[in-house]
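K.L.:
Sequence below, structure please.
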Amino acid sequence: MDTPRDQGAGEKDGPDSGHRRPAGMTDAEVEALGKLSEALETVENARGLLYGFHRLTGKADLALGEAVEMLRKAGHGDIADDIDRTVVGRNVIEGRWTFQIVEDYDDGYYREFRSVEEKARALLAGGRRHLFEAEMKEHRRTPGLRHHEARPDSPRGSDGEIAEGQ
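P.N.:
This is a model prediction of the structure:
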């Protein structure tokens with residue numbers, strides 16, 4: 001159920017129903033889900049860095065292979081053979097290349113983290129996302145001012161301002 005802001009006919013100056021807290025949801029619950037969302041966003045950032053690590057390590061290994069071939073062509077076969085044998089294709093962690101690290105992260109920690117976040121939102125907020133942020137936006141924006149609209153479908157007057165009485 002939506003907050004009282006939905007009561008007015010044609011009311012479009014506020015969050016859409018998917019970003020309004022359900023009836024009976026407390027401030028403490030909204031704040032807790034906001035913190036959980038913040039934690040998930042941090043995990044998403046960490047995951048991106050992990051994928052960056054994966055891609056950069058792979059790129060380095062391929063470039064190293066090219067360097068080995070260049071050293072061979074330059075007449076330094078012993079140096080090339082040593083690098084090729086000890087570093088090219090080497091595991092970055094015991095028994096693992098980076099793709100295996102990424103897969104373990106995705107299949108374990110990341111999947112479980114997303115699962116518990118989704119379950120908490122389902123139980124407390126009917127699955128709604130970003131309630132904390134939606135309420136923060138309502139407190140920080142200037143209603144009626146261009147570029148402070150609550151959402152993309154907010155009505156506007158001919159001058160671009162939100163139409164009066166909407």
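K.L.:
any idea how far residue 124 lies from residue 58?
P.N.:
For residue 124, the distance to residue 58 equals 41 Å [C-beta to C-beta, to the nearest Å]. All C-beta atoms are positioned from the backbone trio N, CA, C, and that covers glycine.
K.L.:
typo on my end, it should be residue 147
P.N.:
Residue 147 is 42 Å from residue 58, by C-beta to C-beta.
K.L.:
could you give me the average pLDDT of the longest helix seen in the chain?
P.N.:
Ranked by number of residues, the top helix in the chain under DSSP state H is helix 27-73. Averaging pLDDT along helix 27-73 gives 98.
K.L.:
In terms of secondary structure, what does that helix contact?
P.N.:
Helices and strands touching helix 27-73, by 3 or more C-beta pairs under 8 Å, 6 or more residues apart in numbering; DSSP states H and E, are helix 77-86, helix 98-105, helix 111-125, helix 131-140.
K.L.:
would you list these in a markdown table and tack on mean neighbour count and mean pLDDT?
P.N.:
As requested, the helices and strands packed on helix 27-73 are exported to a markdown table (neighbours: other C-beta atoms under 10 Å; pLDDT from 0 to 100):
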| stretch | mean neighbour count | mean pLDDT |
| --- | --- | --- |
| helix 77-86 | 14 | 98 |
| helix 98-105 | 15 | 98 |
| helix 111-125 | 14 | 98 |
| helix 131-140 | 16 | 94 |
